[in-house]
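>>> Just need the structure, nothing else, for what follows:
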Amino acid sequence: MKVYPPLISPEELMALKKDNYLILIDARFGQDKYEENHLKGALYVELNSQMSHVGENAADGGRHPLPEIQAFAKVLGKLGIDRESHVVVYDDKSGAMSAARFWWMLKALGHKKIQVLDGGMDAAIKAGYPMSSTIENMEEKDPYPAEAWSLPLATMDEVEKAAKNKEQLVVDVREAERYVGKMEPIDLVAGHIPGAVNIPFAGNLDKKGFFLSPESLKKKYQQALGNTPPGQAIVHCGSGVTACHTLLALAHAGMEIPQLYVGSWSEWSRNEKPIARE
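You can find the predicted model right below:
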């Protein structure tokens, strides 16, 4: 069976344009962007309504909690995605908003043919991929067969215990300024989870917005994790979206995918949990 690596280059995507099994997904934030212009043939997926179950209380699951699995299965069916589909997803933030999240969700359902476009929409445009403003539609299929998320998740209580456990590691992928508490542009309180280490997701990329090589990322994360196996690490961000960028980076490096704390800082900071600033 062919192995599909987590990333696909713009040139590789160009070669797939006539693949009947290809389903191209635009995961940028803001449907107006999609309606104005997108990669030809791409379907739109929205973070808040289709990749999340956004409730009124972010203290219960954070700002972007995962949707009910059957609800997401229906979204995939409406997009025409079944187990044979070759899905490629992109955004305009090198995977951080929200292509990596969509990748994680499909992979967590056991889907094999799911890849993120390396370099994002801009790289595809530079490579000559055609653009369109046509609202694309696919023939709907039955809901995707799904029963549970198969990739590891961590709860807020598990994160609190892990942060105190020398055999585990909690990784905060937000910008350093947010981690140390100098600024907080989105959530109510600045700072970080005591015991968490800061490894900003932006460090997964080179200056052109492409992911570093698997070898470079493996070396980087082996040094950062130290004696902690990736499976004993828990990764979080502000609301469980950009954390998936680091999970994607580890998968690209050929390493085990760590646990995802979906509630992230948006949940932790609203629950009277201890907060560190430094």
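
>>> what number of residues lie near V173?
Using other Cβ atoms under 10 Å, V173 has 26 neighbouring residues. In this view, the C-beta of every residue, glycine as well, is placed from N, C-alpha and C.

>>> measure it to Y129 for me?
For V173, the distance to Y129 equals 29 Å [Cβ to Cβ, to the nearest Å].

>>> Over to E56?
E56 is 40 Å from Y129, by Cβ to Cβ.

>>> Between these two, point out the one with more neighbours.
More neighbours surround Y129 than the other of E56 and Y129, with 21 against 6 (other Cβ under 10 Å).

>>> Could I get the pLDDT score of that one?
pLDDT, Y129: 95.

>>> nearest residue to it other than its sequence neighbours?
Leaving aside its chain neighbours, Y129 sits nearest to L39 (5.5 Å; criterion: Cβ to Cβ, 6 or more residues apart in numbering).

>>> just P65 next, same as before
Spatial nearest neighbour of P65, chain neighbours left out: H53 (5.3 Å); criterion: Cβ to Cβ, 6+ apart.

>>> before we move on, what about F72?
M105 (6.5 Å).

>>> Now for that neighbour: which residues touch it?
M51, L66, F72, W149 (Cβ atoms under 8 Å, 6 or more residues apart in numbering).

>>> ok, and the most crowded of those residues?
Among these, the one with the most neighbours (other Cβ under 10 Å) is F72, at 24 neighbours.

>>> Going along the chain, name the helices of the stretch 1-150 of the chain.
10-14, 31-36, 47-50, 69-78, 99-108, 120-126 (DSSP state H, counting those that start in this stretch).

>>> one step back: who does the residue nearest to Y129 bridge with?
In this entry, L39 is beta-bridged to M131, by DSSP bridges.

>>> What's the separation between it and S264?
Computed as Cβ to Cβ, the L39 to S264 distance reads 29 Å.

>>> Same check on H64?
Counting by Cβ to Cβ, the gap from H64 to S264 is 8 Å.

>>> list the residues that contact both of these two?
Joint contacts of H64 and S264 (Cβ under 8 Å, 6+ apart) are S239, G240.

>>> With neighbour numbers in mind, choose between the two.
A side-by-side neighbour count of H64 and S264, using other Cβ under 10 Å, places S264 first with 30 against 24.

>>> ok, now which ones touch the nearest residue to the more buried one once chain neighbours are set aside?
Sequence neighbours aside, H236 is the residue nearest to S264 in space, at 4.1 Å (criterion: Cβ to Cβ, 6+ apart). H236 makes contact with 159, 170-173, 193, 196, 243, 260-261, 263-265, 268, according to Cβ under 8 Å, 6+ apart.

>>> Apply 10 Å and report the result again.
62, 154, 156, 159, 170-174, 192-193, 196, 242-243, 246, 259-268 (Cβ atoms under 10 Å, 6 or more residues apart in numbering).

>>> In strands, which of these appear?
Among these, the subset assigned to strands under DSSP state E consists of V170, V171, D172, Q259, L260.

>>> any idea how far the fourth one is from P130?
In this structure, Q259 and P130 are 39 Å apart, going by Cβ to Cβ.

>>> now the second one
Look at V171 and P130: by Cβ to Cβ, they are 39 Å apart.

>>> more crowded one of the two?
V171 (24 against 11).

>>> Name the SS class of the nearest residue to that one once chain neighbours are set aside, please.
Distances taken as Cβ to Cβ, 6+ apart put V235 closest to V171, at 4.7 Å, once the chain neighbours are dropped. Per DSSP: H, G, I helix; E, B strand; the rest coil, the secondary structure class of V235 is strand.

>>> surely V235 meets E256?
No: using Cβ atoms under 10 Å as the test, V235 is too far from E256 to be in contact (11.9 Å).

>>> Now do the residue nearest to F72, the pLDDT please.
So M105 comes in at 98 (pLDDT).

>>> and what of E139?
At E139, pLDDT is 89.

>>> So it versus F72, what's the distance?
19 Å.

>>> And I114, by the same measure?
In terms of Cβ to Cβ, I114 sits 13 Å off from F72.

>>> swap in K126?
Distance of K126 to F72, computed by Cβ to Cβ: 32 Å.
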